[in-house]
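J.: Return a 3D structure for these sequence lines:
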Amino acid sequence: MDTQRLILLVIFSFSLLMLWEAWEREQRPKPQPPAPTAQQGVPAPAPGKPAAPAAQPSTAVPGVDAAKGEIVRVSTDLVVAEIDTLGATLKRVELLRYKDSRDLSKNLVLLGPQHQYEAQSGFAGEGGLNHCLLWRAEPGERAFVPGRDEVSVMLVASAKDGLEVRKTYTFKRNSYVVDVALEVRNPGAAPAAAYAYFQLTHDGKPETNTNTVAETFGAQSFIGFAVYTDERKFEKIHLSDLDKGKADYVKQATSGWLAFVQHYFVSAWLSPQGLPRDYVAEKRPDGIYAARVMVPVSVAPGASAAVQVPLYAGPQEQRRLQAAAPGLDLVVDYGWLAIIAWPLF
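T.: Modelled structure (predicted):
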């Protein structure tokens, strides 16, 4: 009898929690119809030795260029994104269907300057084709046009050693996935090798409006990085472990993704299956947390090479997460209630 009462108590408590969560989702953030439409350099320590090209590339990233970039603003049916030509970095992502719970007159900003939350990418090494270099945005559409369900922004840059690179962001209708492609051309007579990196940064500070009731039950309270691979599945990287330099997570793989997880929302670099990559997470000297996917790239003389790693930046909607990448729906953190929550959801 005592066991039955305990089971009923657990079910009743969980039901109350789910009702509270449902109410909060209705109140903050609340879905709404779409509205009309000088960064410090990050050191990139050498990763473990992957299936590397013939020549081992450098992984150093120089300091910030003193130049000032311009903002390229892109509007879709779900987001407004801002790309800074200084670094060709995705600096801001505004979600048009979610409101800021602190000010319901404003849309929720996922990536943005408040937490130094950015999606950076480029090539590590002395060549300087990184998120500290001043890029040039090519002319083109910045919103959907009739008959097309995607819009692309291309940025170009050149390194001192003659390498030329193009970075293309492609936004699609009804999608929080942004295709990010890097294409490097080697006009020289010698082969070139480098590491392409795709990085997320954050100051690690949680939002001040988290659900204290949910936190009491251990549900959806995690903020930090996460890695998923076929071999080791879902692994959280706690920021407190990065503070101590003791974070334990998979460093090398040919599968999976890297994410920054917070209450209700997530951003994740979705590396293609079978692509060798290194995962690196750290706390920088300036106090900002950074985690990146690093992919070795080799370019023959007179040839080009390309690597594409999509970025998911949006809400933790199960349907969208499952469609974006295997295992991405695991970022929805139910804490110790997962054994009950997963069968329900």
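J.: residues contacting K283?
T.: Applying CB atoms under 8 Å, 6 or more residues apart in numbering, we find K283 in contact with 239, 242-243, 289-290. All C-beta atoms are positioned from the backbone trio N, CA, C, and that covers glycine.
J.: And those, which is closest to L86?
T.: A290 (17.4 Å; CB to CB).
J.: secondary structure element for R73?
T.: Assigned by DSSP states H and E, R73 belongs to strand 71-75.
J.: for L104, same thing?
T.: In this structure, L104 sits in strand 103-111 according to DSSP H and E.
J.: Buried ones in that strand, by neighbour count?
T.: Neighbour-count burial for strand 103-111 flags 107-111 (criterion: 16 or more other CB atoms under 10 Å).
J.: Stretch 159-169 too?
T.: Within stretch 159-169, the residues that count as buried by 16+ other CB under 10 Å are 159, 163, 165-169.
J.: Report pLDDT for P276.
T.: You'll see P276 listed with a pLDDT of 95.
J.: Number of residues surrounding it?
T.: Residues near P276, counting by other CB atoms under 10 Å, number 14.
J.: Next, work out how far apart it and Y176 are.
T.: Look at P276 and Y176: by CB to CB, to the nearest Å, they are 27 Å apart.
J.: can you check Y195 too?
T.: 27 Å.
J.: neighbour-wise, which of the two wins?
T.: Remark: of Y195 and Y176, Y195 carries more neighbours, 27 against 24, as counted by other CB under 10 Å.
J.: Which helix or which strand is home to the closest residue to G87 other than its chain neighbours?
T.: Spatial nearest neighbour of G87, excluding adjacent residues (CB to CB, 6 or more residues apart in numbering): H131 at 3.5 Å. Following DSSP H and E, one finds H131 outside all helices and strands.
J.: Could you check the pLDDT of H131?
T.: For H131, the model assigns a pLDDT of 92.
J.: Which phi and psi values does it adopt?
T.: Dihedral pair for H131: phi -80, psi 10, per degrees, to the nearest 10.
J.: Tally up the residues packed near Q252, please.
T.: Other residues lying near Q252 total 16 when counted by other CB under 10 Å.
J.: Actually, G112.
T.: Neighbour count for G112, taken as other CB under 10 Å: 15.
J.: before we move on, what about R173?
T.: R173: 12 surrounding residues under other CB under 10 Å.
J.: was I right about it contacting D149?
T.: Yes. Counting by CB atoms under 8 Å, R173 does reach D149; the two are 4.0 Å apart.
J.: Tell me where this protein is predicted with low confidence.
T.: Low-confidence segments of the chain, defined by pLDDT under 70: 1-67, 125-128, 208-220, 334-345.
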